[in-house]
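A.B. asks: okay, predicted coordinates and the sequence, questions at the end:
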Amino acid sequence: MSEEQLSQHRDAIDAIDEQIIQLLNQRASHARTIGEIKGSGIVYRPEREAQVLSRVKALNRGPLSGETMAKLFREIMSACLALERPLTIAYLGPEGTFSQAAAIKQFGHAAHTMACCSIDEAFRVVEAKTADYVVAPVENSTEGAVGRTLDLMVNTPLKICGEVVLRIHHHLLRKVEGKAGLQRVYSHAQSLSQCHEWLNKNLPAEVQRVSVSSNAEAARLASLDESSAAIAGDAAAENYALLSLAQNIEDEPNNTTRFLVLGMQEVGPSGRDKTSLVISAPNRPGALHTLVEPLARNGVSMDKFESRPSRAGLWEYVFFVDVEGHVSGAPLQAALNELADVAAFVKVLGSYPVAVI
Ligand SMILES: C=C(O[C@@H]1C=C(C(=O)O)C=C[C@H]1O)C(=O)O
């Protein structure tokens, strides 16, 4: 390609960029006006954002992929929303955790993220209105449910407003090159188990595995001591300037974590929604069947069913159930009315759009 051809294409890009700037600012002005109309009410509308992202993917003809286009629009919406009012999102810190990555995936880079020292604390700051939303892990494809998040959802006044699905890549991180002199590996208990086969094969048995409160905390500890390593992700490696001795060491190649977004808000239907419920059955034979039956009879599809010991009594259980559809829809309304008669306890944790990206 000649210099002349290059400069023709670059002139074209400059002209397009001018249009993009104008169009983005037009879009932002509409978002700001929408903010004025909303007044002091809730500005974040996850159902509308999900519709915008789905529409962007459907309209896209390439060469950029639908996924890439949706990610760009996520950031555009994040910037537009910040003109209405910047949001604060609480997550299990310190900086660099997968929870923070999930918060940014859902709210974009214009939102403020607030590191909390536990999932409990992250719920509390939103309940106290110090932050707007909490993003908390709820299940991992390798390790299953995150019990603490499930337990907190039983009593919180917060509602689920969204879900975020994140591919999780773990790396072995250390301050210095090589494995010589390595005495311990820090990580969150879930990450240690997600990588335990790799650890068995690749590290001597005398290297201790130490579980700590988060992967980012593991990275912080490894950054203070050359005889320690951490298992954590890219963001933690970058934050604590650690070297990656081995990449993508998770045993399961599709290792994915699902996070929930919770806030003081009930979300309207987006057209493709999920509802999460927590139900408990009276402690007698066949009780489980009586819980599932009203859902099946009303044609409500179940995505997930998870049992958890109830805090109330020995050998009593609560069930976390995800179903397709919005709570305002007729099938779910009918099923919930019937469930109220047979269940000891039913709580709608929230209806929210199915993750688009
Ligand atoms: C502009 C709005 O406010 C926010 C920003 C959106 C956007 O930039 O498209 C969409 C939903 C809201 O979270 C709106 O409610 O439509």
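C.D. replies: The structure has been received and is ready for your questions.

A.B. asks: any idea how far Glu293 is from Gly286?
C.D. replies: Summarising the geometry, the distance separating Gly286 from Glu293, computed by C-beta to C-beta, to the nearest Å, is 10 Å. Backbone N, C-alpha and C define where each C-beta goes, glycine included.

A.B. asks: who has more neighbours out of those two?
C.D. replies: Just comparing Gly286 and Glu293: by other C-beta atoms under 10 Å the higher neighbour count belongs to Glu293, 15 against 8.

A.B. asks: that one and the ligand: what is the separation?
C.D. replies: Applying C-beta to the nearest ligand atom, to the nearest Å, the value for Glu293 to the ligand is 38 Å.

A.B. asks: contacting residues for Gly147?
C.D. replies: Shown in contact with Gly147 (C-beta atoms under 8 Å, 6 or more residues apart in numbering): Arg308.

A.B. asks: all helices of this protein, in order?
C.D. replies: Assigned by DSSP state H, the helices in the chain fall at 3-38, 46-59, 66-84, 98-107, 119-127, 147-155, 189-194, 196-202, 215-223, 234-239, 287-297, 330-342.

A.B. asks: now do the fifth one against helix 147-155, angle only.
C.D. replies: Right, helix 119-127. 30 degrees (axes from the mean of the first three to the mean of the last three C-alpha atoms, to 10 degrees).

A.B. asks: local confidence estimate at Ile42?
C.D. replies: Predicted confidence (pLDDT) for Ile42: 94.

A.B. asks: contact partners for it?
C.D. replies: Counting by C-beta under 8 Å, 6+ apart, Ile42 touches Gln265.

A.B. asks: from now on call the first residue 59
C.D. replies: In the new numbering, first residue 59, that becomes Ile100.

A.B. asks: so who does the closest residue to Glu255 other than its chain neighbours touch?
C.D. replies: Leaving out its chain neighbours, the residue that sits closest to Glu255 by C-beta to C-beta, 6 or more residues apart in numbering is Asp309, at 4.4 Å. By C-beta under 8 Å, 6+ apart, the contact set of Asp309 is 200, 252-256.

A.B. asks: what is the neighbour count of the closest residue to Asp283 other than its chain neighbours?
C.D. replies: On the basis of C-beta to C-beta, 6+ apart, the spatially nearest residue to Asp283 that is not a chain neighbour turns out to be Lys233, at 7.6 Å. By other C-beta under 10 Å, 17 other residues sit near Lys233.

A.B. asks: for Lys233, give me its contacts.
C.D. replies: Taking C-beta under 8 Å, 6+ apart as the definition of contact, the neighbours of Lys233 are 280-281, 283-284, 300-301.

A.B. asks: again, only this time at 10 Å
C.D. replies: Under the criterion of C-beta atoms under 10 Å, 6 or more residues apart in numbering, the neighbours of Lys233 are 280-288, 298-301.

A.B. asks: any weak-confidence spans in this protein?
C.D. replies: 371-373 (pLDDT under 70).

A.B. asks: would you mind naming what in it lies close to the ligand?
C.D. replies: 89, 92, 101-103, 106-107, 110, 135, 138-139, 142 (C-beta under 6 Å from any ligand atom).
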